[in-house]
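Participant: predicted model, plus sequence, below.
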Amino acid sequence: MGLISRDLAVTLGRRRILHGVDAAFAFGRVTVVLGANGAGKSTLLRAAAALVQVEGGAVSIDGVDVAALSPRERAQAIGYLPQDSVVHWNMRVRDLVALGRLPHGDGDAAAVERALAATHTIDLAERAVRSLSGGERARVLLARVLAGEPRWLLADEPLASLDPLHQLETLALLRDAATRGMGVVVVLHDLTQAAAIADEVLLLKDGRVLAHGATDRVMTHAHLAAAYGVGVEVLARADGRRVIVPDERL
Ligand SMILES: Nc1ncnc2c1ncn2[C@@H]1O[C@H](COP(=O)(O)OP(=O)(O)OP(=O)(O)O)[C@@H](O)[C@H]1O
């Protein structure tokens, strides 16, 4: 049960991008997907959202292949936040966030307000979306996904354009979503943030699983060296959290 990638193979253009990826994600957990540029993180999330054609294996939710779900069922189950979202229409922020309710067909205003509040975008609600800064727009697009109250949130580098405060708030929001029972799968690059938020880590290298499991077991010096080609310094804080600083090219 849960979200499961089994022997997943994806080819884009003429290149095999994912080579038999096995991974299981659980409800109520935050799984961080790590790996170097080009490792296949986005492709895995896109395959989970049935946005790329799968060549072998499958991604399933509670035993059902995501590709076999109707678009509406899939949209109810999976909220996918892409890496570089483009907003094609210059609509009001509140209306854009309300589009997140389309899979439910109910325009539930309370759910929209909850999503605006969770992402601290209520103050932006009457603005035209094209007038927003990059970070403001990123938070609004996250609000749109949250408004749909999906069972799974797949977020591809959701912190990339956010300032430090909003990065922390977004991490807290992801944790909160998992605490409320959502399955959260998130691609991050910052190792300190990954260690802080992850219950589990899936570490990819060249389209294969290098390691998958509890954060401490995956985020070892050896794994990070193999995945990124860097040495890291790990600083333990008084509260037990770790600061992970890449400091050496291997
Ligand atoms: N449409 C495509 N055609 C051919 N190759 C592609 C296509 N889309 C992605 N790729 C390649 O697939 C590989 C994996 O891409 P992907 O975006 O999944 O990596 P990623 O781990 O998310 O990287 P990043 O950290 O840079 O975002 C890359 O080498 C990329 O160039």
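Facilitator: That came through fine. Since we're looking at a predicted model, the values are computed, not measured.

Participant: buried residues in the lengthiest helix in the chain, which are they?
Facilitator: For the chain, the helix that runs over the most residues, judged by DSSP state H, is helix 164-179. Of the residues in helix 164-179, His166, Gln167, Glu169, Thr170, Leu171, Leu173, Leu174, Ala177, Ala178 count as buried by neighbour count, 16 or more other Cβ atoms under 10 Å. In this view, the C-beta of every residue, glycine as well, is placed from N, C-alpha and C.

Participant: so Val10, which state does it fall into?
Facilitator: Following DSSP: H, G, I helix; E, B strand; the rest coil, Val10 is assigned to strand.

Participant: need the contact list for the closest residue to it other than its chain neighbours.
Facilitator: Distance criterion Cβ to Cβ, 6 or more residues apart in numbering; nearest residue to Val10, sequence neighbours excluded, is Leu18 at 4.2 Å. For Leu18, the contact set (Cβ atoms under 8 Å, 6 or more residues apart in numbering) comprises Leu8, Ala9, Val10, Gly40, Thr43, Leu44, Ala47, Gly207, Arg208.

Participant: now with 10 Å, please.
Facilitator: Applying Cβ atoms under 10 Å, 6 or more residues apart in numbering, one finds that Leu18 lies in contact with 5, 7-12, 39-40, 43-44, 47, 52, 54-57, 204, 206-209.

Participant: could you do Asp84 as well?
Facilitator: Ser42, Ala138, Asp156, Glu157, Ala160, Ser161.

Participant: inside strands: which ones of these?
Facilitator: Judged by DSSP state E, the subset of these located in strands is Asp156.

Participant: near the ligand, from the contacts of Asp84?
Facilitator: Contacts with the ligand are made by Ser42 out of the contacts of Asp84, judged by Cβ under 6 Å from any ligand atom.

Participant: I'm done for today, thanks for sticking with me.
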